[in-house]
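Engineer: got a sequence here, can you build the structure:
(chains A and B)
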Amino acid sequence: MNRFLLPLGIFIVLVVFLAIGLSLNPREVPSPLIGKPAPAFELPQLHKPEARFAPQDMQGEVWLLNVWASWCVSCRQEHPLLVDLANSKLVPIYGLNYKDPRDDALRWLKQFGDPYVLSIADVEGRVGIDYGVYGVPETYVIDKAGVIRFKQIGPVTQDVLEKTILPLVKELQK
Amino acid sequence: MIPELGHFALILALLVSLVQGTLPLAGAARHSLSWIALARPAARAQFLLVAFAFGCLTWAFVANDFSVLYVAQHSNSRLPLEYRISGVWGGHEGSLLLWMLMLSGWTLAVSVFSRHLPDAMVARVIGVLGLVTVGFLAFILLTSNPFERLLPAAADGRDLNPLLQDPGLIFHPPMLYMGYVGFSIAFAFAIAALLSGQLDAAWARWSRPWTTAAWVFLTLGIALGSWWAYYELGWGGWWFWDPVENASFIPWLVGTALVHSLAVTEKRGGFKNWTVLLAIAAFSLSLLGTFLVRSGVLTSVHAFATDPRRGIFILILLAIVVGVSLFLFAWRAPKVGLGGSFGLVSRESLLLVNNVLLVVAAGSVLLGTLYPLFIDALGLGKLSVGPPYFNAVFVPLMVPLLVLMAPGPLARWKHAEMAPVLKKLLPALAVAVALAVAVPLAYGQWTPLTALGILLAAWIAGASVIAVIDRLRAGVTGQPLHWWGMHLAHAGVAVFVVGVTLVSAYQQEKDVRMAPDDTVTVGGYSFRFVGVREAMGPNYRAMVGELELSKDGKVLRSMHPEKRAYLTSTMPMTEAAIDVGLTRDVYVSLGEPIDERAWSVRVYYKPFVDWIWGGCLLMALGGFVAIGDRRYRMKKAAAAKQAAQGAAA
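Structural biologist: The predicted structure is shown next:
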């Protein structure tokens, strides 16, 4: 064995790791909430502040919780996709309007379309803390038992929707 | 039209680089003079074409041509001219073009300042550089074309990231790239030597000034980046062990080892294989740094937009360049003879220890940087490696290195007696011990680590002073410049160590809420908060604070930290106000408004912090002086004669 081959050997191992690393996303931190019951809360609805909403109301249904805000630029990017998804009636989407003045939020929905069955107003961001929201938008898939099964950080893309979210929803709805 | 010309020039440059990377190398192998003769003109044509392309992109920035996508993404009509020019390298595509400009610039320099080298050698060096050029030009043209059009044109640009709108950032990337890319010359010399089989003292002498030059630029680039982080980020820190910082620091450590091992190869013909390996490693690590920064495989505060296609391309490029070089090394190195033997205690053995320590340090920084990636790739989870790891591993490795820096330059080649060297260094040791006791006590708090830092700094500086006095007293006049350069650089290390030691031990920091007329005191300096007013900049609105700095009741000056909101960005920017001094900085940055009158304010007292960058500057100056040594510019005949004499001796 030629000892001068050692640097080449080390380098090859390094390249293999770097190649694997390329397919991973270092910013993606697994949410500790996956597999856990969705944290409970009760908040006023955005359109009807006198009415309230709690995730417990959704028992027996598979649903998406989408965290959005009018000040969030990436939300605009995913919004058309959510509107399409809502029209397809495959799965109900509930919005968590995060740290947003009510007027801005309503105007935003009027302008870009409202894919949500209803939106919940989390003006102070308390619920956002319970759910570990650290970037808007975020989307949660919650099953019939109220357990979080998937979390998408950042905008939902066509790819993620078709390859991950929709198959998962179909599976859970069985 | 002009962007298309730039694009066209880059395509032509790629064609030229294909010629540059093949014919001269083949010519050197087949002794074809006409092919060898192609090397220099190809290098020059290459430079002209790339410089023209770079000029075209700069023109698009200066003229606010927002029909060029890259300009629209990184500039704005309200951006001041100097930042429109530096905006050229404010993003991925442009910084690669800058990389390319540097590479062709270094190649041009080789083609011009190589009249004393054999033509075949020059042809090989330029050929190897040509191959690297092919890779990078293909990368730019295929994945990162800066001249891509945006039709219809944007009405206005998205503006340069406000963090980059700063004088420090105008110069930091070019300096850093000059260093990174400069190691390509040492690399090309090493590969050329492996190809030709001529790994000798002459080869080491030829590549030494180029290596030192690259090292000087890298030193300056890293220091500028650190200085920028210090005054711009508003945290008052100067080094964060961020992956992107490490990506520049690892090649620096290996480059420093290379500068030292080249000395052994040149003077004693030893360490040949090791030197070649270091030369390959230094450039490979520069490429790896580029990969890490540009591919986004690591999380970093330098959040660059990333594109997986680019990552794959650079990885393939890296694999080819480094893989082939290391293969060539494994193939050719066994045939290279050993150099002169040396004793257990000798200049060589001390330099060997220097090399081992520097390479181990570089390895441990690399390991810490890539560790999260390894763990993630093995499916073992997510983690991050922070400053505690780096400090715990890096500092202990540096201590023996610093200890040996003092006797190293005084020890003789081949075989040295330590006793006379140590005897000579006794005064330095005495002064160092005295200072190690006195300085921390003067600051009112003596800790072993602080004392150690001062001891080492004084020990190194003392040794250099003794060496200079020794030579002057012996009446040996006209020391070669590289000797002066070495001592200057070593003194720079001492200055750097003083800065790091004192600022980490004695800095003071206070985070306070201040309303008008409130006063806060750190390190004996009082700050009276006068108030905050609004001001307009060319492309931002600022809240400008006013604080009155005083010491012992005497008003020194008024300080104006700012909080800026750039019109095109939501990110608020902090501009610290710093009163710079030889023995201390006082530093104020504005936090957030708390109520109508009060703000959160952060004040720092930072003793000797500027010595950190002063030390780097001295190191770079030392390198610069060393390059000026006459020895590197000897005519072919004289060099051959000396090499022959060296071999005989």
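Engineer: tell me the buried residues in the helix or strand bottoming out on mean pLDDT in chain A?
Structural biologist: Ranked by mean pLDDT, DSSP states H and E, the weakest helix or strand in chain A is helix A:126-130, scoring a mean of 82. Counting neighbours by 16 or more other Cβ atoms under 10 Å in any protein chain shown, one finds that the buried residues in helix A:126-130 are A:127-128. C-beta here means a position set from N, CA and C on the backbone, and glycine is covered the same way.
Engineer: got a list of contacts for whichever helix or strand comes after it?
Structural biologist: Using DSSP states H and E, the helix or strand that follows helix A:126-130 in sequence is strand A:138-142. For strand A:138-142, the external contacting residues (Cβ atoms under 8 Å, 6 or more residues apart in numbering or on different chains) are A:38, A:55, A:58, A:62-67, A:131, A:148-154, A:156, A:165, A:168-169, A:172.
Engineer: the least confident helix or strand of chain A packs against which elements?
Structural biologist: In terms of contacts (3 or more Cβ pairs under 8 Å, 6 or more residues apart in numbering or on different chains; DSSP states H and E), helix A:126-130 is packed against strand A:93-98.
Engineer: parallel or antiparallel, list what pairs with the strand it packs on.
Structural biologist: Partner strands and pairing direction for strand A:93-98 (DSSP bridges) are strand A:63-68 (parallel), strand A:119-122 (parallel).
Engineer: distance from the chain centre to that strand, please.
Structural biologist: Strand A:93-98 sits 10 Å away from the centroid of its parent chain (Cα atoms, centre = their mean, to the nearest Å).
Engineer: could you check the angle that strand makes with strand A:138-142?
Structural biologist: 140 degrees (axes from the mean of the first three to the mean of the last three Cα atoms, to 10 degrees).
Engineer: and the next helix or strand after strand A:93-98 with chain B, contact?
Structural biologist: Sequence-wise, the next helix or strand beyond strand A:93-98 is helix A:102-112, with elements assigned using DSSP H and E. No. Using Cβ under 8 Å from any Cβ of the partner chain, we find that helix A:102-112 stays clear of chain B, coming within 14.7 Å at best.
Engineer: report the buried members of the contacts of strand A:138-142.
Structural biologist: Using 16+ other Cβ under 10 Å as the burial test, the contacts of strand A:138-142 include A:38, A:55, A:58, A:62-67, A:131, A:148-154, A:156, A:165, A:168-169, A:172 as buried.
Engineer: write out the residues of chain B neighbouring chain A.
Structural biologist: By the rule Cβ under 8 Å from any Cβ, the part of chain B lying against chain A is B:273, B:277, B:280-281, B:284, B:291, B:295-299, B:308, B:311-312, B:315, B:318-319, B:322-323, B:326-327, B:329-331, B:333-334, B:370, B:372-374, B:376-377, B:382.
Engineer: partners of the closest residue to residue A:165 other than its chain neighbours in the sheet?
Structural biologist: Distances taken as Cβ to Cβ, 6 or more residues apart in numbering or on different chains place residue A:141 nearest to residue A:165, at 6.2 Å, with adjacent residues excluded. Under DSSP bridges, the beta-bridge partners of residue A:141 are residue A:64, residue A:150.
Engineer: identify the residue nearest the most centrally placed residue in chain A in space, chain neighbours excluded?
Structural biologist: Note on chain A: the residue nearest the mean C-alpha position is residue A:139, at 1.3 Å, using Cα atoms, centre = their mean. Among residues not flanking residue A:139 along the chain, residue A:152 sits closest, at 4.3 Å (Cβ to Cβ, 6+ apart).
Engineer: quick check on the one you found: phi, psi?
Structural biologist: With angles defined as degrees, to the nearest 10, residue A:152 sits at phi -110, psi 120.
Engineer: with the one 5 residues further on instead?
Structural biologist: Reported as degrees, to the nearest 10, the phi and psi values for residue A:157 are phi -110, psi 160.
Engineer: list the residues that contact the residue positioned nearest the centre of chain B.
Structural biologist: Centre of chain B computed as the mean C-alpha position; nearest residue by Cα atoms, centre = their mean is residue B:218, 2.5 Å away. Residues in contact with residue B:218 (Cβ under 8 Å, 6+ apart) are B:175-176, B:178-180, B:182-183, B:248, B:251-252, B:255.
Engineer: same question for stretch B:111-120, mean pLDDT?
Structural biologist: For stretch B:111-120, mean pLDDT is 89.
Engineer: next: stretch B:207-222.
Structural biologist: Average pLDDT, stretch B:207-222: 95.
Engineer: okay, it in PDB with CA atoms only?
Structural biologist: Taking C-alpha atoms only, stretch B:207-222 is exported to PDB below (Å, rounded to 0.1, in the frame of the first residue of the first chain):
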ATOM      1  CA  SER B 207       7.200  29.400  -5.900                       C
ATOM      2  CA  ARG B 208       8.100  31.100  -2.600                       C
ATOM      3  CA  PRO B 209       7.400  34.800  -3.500                       C
ATOM      4  CA  TRP B 210       4.100  33.800  -5.100                       C
ATOM      5  CA  THR B 211       3.000  31.800  -2.100                       C
ATOM      6  CA  THR B 212       4.000  34.600   0.200                       C
ATOM      7  CA  ALA B 213       2.100  37.100  -1.900                       C
ATOM      8  CA  ALA B 214      -1.000  35.000  -1.800                       C
ATOM      9  CA  TRP B 215      -0.600  34.600   1.900                       C
ATOM     10  CA  VAL B 216      -0.200  38.400   2.400                       C
ATOM     11  CA  PHE B 217      -3.500  39.000   0.500                       C
ATOM     12  CA  LEU B 218      -5.300  36.300   2.400                       C
ATOM     13  CA  THR B 219      -4.100  37.800   5.700                       C
ATOM     14  CA  LEU B 220      -5.300  41.200   4.800                       C
ATOM     15  CA  GLY B 221      -8.600  39.800   3.500                       C
ATOM     16  CA  ILE B 222      -9.400  37.900   6.700                       C
END
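Engineer: and stretch B:212-222, how far out from the chain's middle?
Structural biologist: For stretch B:212-222, the separation from the chain centroid amounts to 5 Å (computed by Cα atoms, centre = their mean).
Engineer: just stretch B:618-633 next, same as before
Structural biologist: Here the centre of stretch B:618-633 is set off from its chain's centre by 17 Å, with Cα atoms, centre = their mean.
Engineer: picking that back up, out of the residues of chain B next to chain A, list just those in helices.
Structural biologist: Per DSSP state H, helices hold the following members of these: B:273, B:277, B:280-281, B:284, B:291, B:295, B:308, B:311-312, B:315, B:318-319, B:322-323, B:326-327, B:329-331, B:370, B:372-374, B:376-377.
Engineer: which of these count as buried?
Structural biologist: Buried subset of these (neighbour count, 16+ other Cβ under 10 Å): B:273, B:277, B:280-281, B:284, B:291, B:295, B:311, B:315, B:318-319, B:322, B:326, B:329-330, B:370, B:372-374, B:376-377.
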